[in-house]
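show me the folded form of this:
(one chain, ligands or ions: 3)
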Amino acid sequence: MKEQIKVMISETEVDNRISEMAAAIDKAYAGKAVHLIGILKGSVFFMCELAKKITVPVTMDFMSVSSYGDDTKSSGIVKLNKDLDESIEGKNVIVVEDILDSGRTLSYLIKLLNNRKPASMQVITLLDKPERRVIPVELYMTGFTIPDRFVVGYGLDCAQKYRNLPYIGVIEQ
Ligand code: 5GP
Ligand code: MG
Ligand code: MG
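Ligands and ions are numbered 1, 2, ... in the order given. Alright, predicted model coming up:
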């Protein structure tokens with residue numbers, strides 16, 4: 001059967017919210033520089049939009065972890081596939097993630113990165129599914145709090161598909 005995607009959060013809503021988030025970062029980090037760390041691949045669209053809207057100096061780096069096999073179920077195992085290219089020591093780090101679900105991925109990453117002595121570290125996600133939390137994670141900011149639905153688009157995939165949708169949607173059979 002052909003899959004159809006139902007829009008949950010429109011392109012305009014996502015764009016407006018990212019503008020607000022960038023403005024909040026500008027205000028909080030005025031006179032400083034921010035070092036954005038994107039978690040591949042889901043955060044890429046969010047990170048690029050956010051970075052374009054931030055006006056304080058921005059540097060960027062990426063890392064890749066996997067906590068999910070292919071799809072909708074958490075394995076509970078976090079594997080580091082690609083580490084950062086640069087040191088974060090003394091930098092004002094903002095970890096940029098697509099979605100906070102069980103919290104396993106981010107709690108692992110926060111521990112790992114905190115050991116590298118950043119000047120400060122905050123975590124932001126485009127989406128948050130609080131109902132699914134297994135490990136608590138303190139977010140600096142989130143774009144949207146959503147119900148326990150598997151979402152795709154704006155970087156989020158289902159078996160690598162749909163990342164390029166310019167909105168957040170749910171798959172309908
Ligand atoms: P956590 O470790 O918090 O359980 O999961 C985080 C990762 O699981 C996210 O970065 C994302 O890659 C994936 N994930 C969690 N929920 C969803 C969802 O609703 N849709 C998609 N496409 N990926 C999700
Ligand atoms: Mg992710
Ligand atoms: Mg995925």
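
quick one: name whatever helix or strand follows the worst-scoring helix or strand of the chain on mean pLDDT.
Counting by mean pLDDT, DSSP states H and E, the chain has its least confident helix or strand at strand 74-82, which shows a mean of 78. The C-terminal neighbour of strand 74-82 among helices and strands, as given by DSSP states H and E, is strand 92-100.

by contact count, what packs against that following strand?
strand 34-40, helix 44-53, helix 104-114, strand 120-128 (3 or more C-beta pairs under 8 Å, 6 or more residues apart in numbering; DSSP states H and E). C-beta: built from backbone N, CA, C; applies to glycine.

could you tell me the least trusted of the ones you listed?
Among the helices and strands packed on strand 92-100, helix 104-114 carries the lowest mean pLDDT, at a mean of 93.

put the alpha carbons of it into PDB.
In PDB, the C-alpha atoms belonging to helix 104-114 read as follows (Å, rounded to 0.1, in the frame of the first residue of the first chain):
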ATOM      1  CA  ARG A 104      19.100   7.600  25.700                       C
ATOM      2  CA  THR A 105      21.000   9.200  22.900                       C
ATOM      3  CA  LEU A 106      21.300  12.600  24.400                       C
ATOM      4  CA  SER A 107      22.100  11.500  27.900                       C
ATOM      5  CA  TYR A 108      25.000   9.400  26.500                       C
ATOM      6  CA  LEU A 109      26.200  12.400  24.400                       C
ATOM      7  CA  ILE A 110      25.900  14.900  27.200                       C
ATOM      8  CA  LYS A 111      28.200  12.800  29.500                       C
ATOM      9  CA  LEU A 112      30.700  12.200  26.700                       C
ATOM     10  CA  LEU A 113      30.900  15.900  25.700                       C
ATOM     11  CA  ASN A 114      30.900  17.300  29.300                       C
END
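
hmm, that helix touching ligand 1?
Yes - residues of helix 104-114 contacting ligand 1 under C-beta under 6 Å from any ligand atom: 104, 105, 106.
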